[in-house]
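A.B. asks: no FASTA, just this:
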């Protein structure tokens, strides 16, 4: 009996100790969990300003962990740079256009640089200039550090004058030949009666003439730009020329420069007049296309029929 009671007492004591150890562990775990939870709450209440500054960021305090994680990833893996084309497009939207279109926007003359027809009046005049020029590859003038070589396009002052004279003659020919198209004042027609007074043959002749003018003007403009650029390059090269063997080098260089400038000015004045004529011819050409459509739609073929006041109307509306 005593032994059984002692055994029962030992078992009870062991069970009591085991329960106490479990309770201690539970309490320890509860206290640890409570401290962790309290720490998290405290950290959430503390602004992120100090941590952000230590990390080199400029975010405002109070951001969530998700925001910080996103920002960190963005810092590690920044967005890839835009492709060169898109980057250039942001700076200048025009660069998205095709190379040809982009160049045309900068300089419309780059689209049409037609070759001059050898059988045309301008082509024959330019060929004559080349045949009368002595064969010489380059022209050189003394400079401070050796010889100054002029642009290879320059074939002598006589050749330059000959080319400019050919351009001036062509410009005057265009003016004399195609001014009647402008004088017809097609854009100013203001009634169908006036339009119906136009003879279809005259309209067709002026339309063909306007197309011919466009081609000849393109060739003239192309050669003018080339020759003028050559002359300007030569004039700029004179700045590097040093005439140390002459007693009055400044006066000589000034005279040389003024001579080239006078040649360029002379042809430029005529060219400007031709450019003005070209704009008027272009306007007439567009108006003639519209008039032709109106003529077909509204005018009768019977020449004896008079529409409205057409019998007393001024063809040009004046």
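C.D. replies: Nice, thanks for sending it over. No experiment lies behind these values; they were computed from the predicted model shown.

A.B. asks: Show me the helices in the stretch 201-318 of the chain, by range?
C.D. replies: With helices called from DSSP state H, counting those that start in this stretch, the stretch 201-318 of the chain shows them at 249-298.

A.B. asks: quick one: low-confidence ranges for it?
C.D. replies: 302-318 (pLDDT under 70).

A.B. asks: can you do 80?
C.D. replies: Under the criterion of pLDDT under 80, the regions of the stretch 201-318 of the chain flagged as low confidence span 301-318.

A.B. asks: Repeat that for the stretch 51-200 of the chain.
C.D. replies: 51-114, 132-137.

A.B. asks: Now do the strands in it.
C.D. replies: Per DSSP state E, counting those that start in this stretch, the stretch 51-200 of the chain carries strands over the ranges 140-143, 146-149.

A.B. asks: Now residue 161: closest residue in space, sequence neighbours ignored.
C.D. replies: Excluding its sequence neighbours, the residue lying closest to residue 161 (Cβ to Cβ, 6 or more residues apart in numbering) is residue 263, at 6.2 Å. Bear in mind the C-beta positions are built from the backbone N, C-alpha and C, glycine included.

A.B. asks: ok, residue 205 - how many residues close by?
C.D. replies: Burial of residue 205, expressed as a neighbour count using other Cβ atoms under 10 Å, amounts to 13.

A.B. asks: residues contacting the residue nearest to residue 161?
C.D. replies: When the contact criterion is Cβ atoms under 8 Å, 6 or more residues apart in numbering, the partners of residue 263 are 160, 161, 164, 231.

A.B. asks: okay if I get the strands of the stretch 51-200 of the chain as TSV plus mean neighbour count and distance to residue 283?
C.D. replies: Shown next, in TSV, are the strands of the stretch 51-200 of the chain (neighbours: other Cβ atoms under 10 Å; distance: least, Cβ to Cβ, whole Å):
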stretch	mean neighbour count	distance to residue 283
strand 140-143	14	47
strand 146-149	13	46
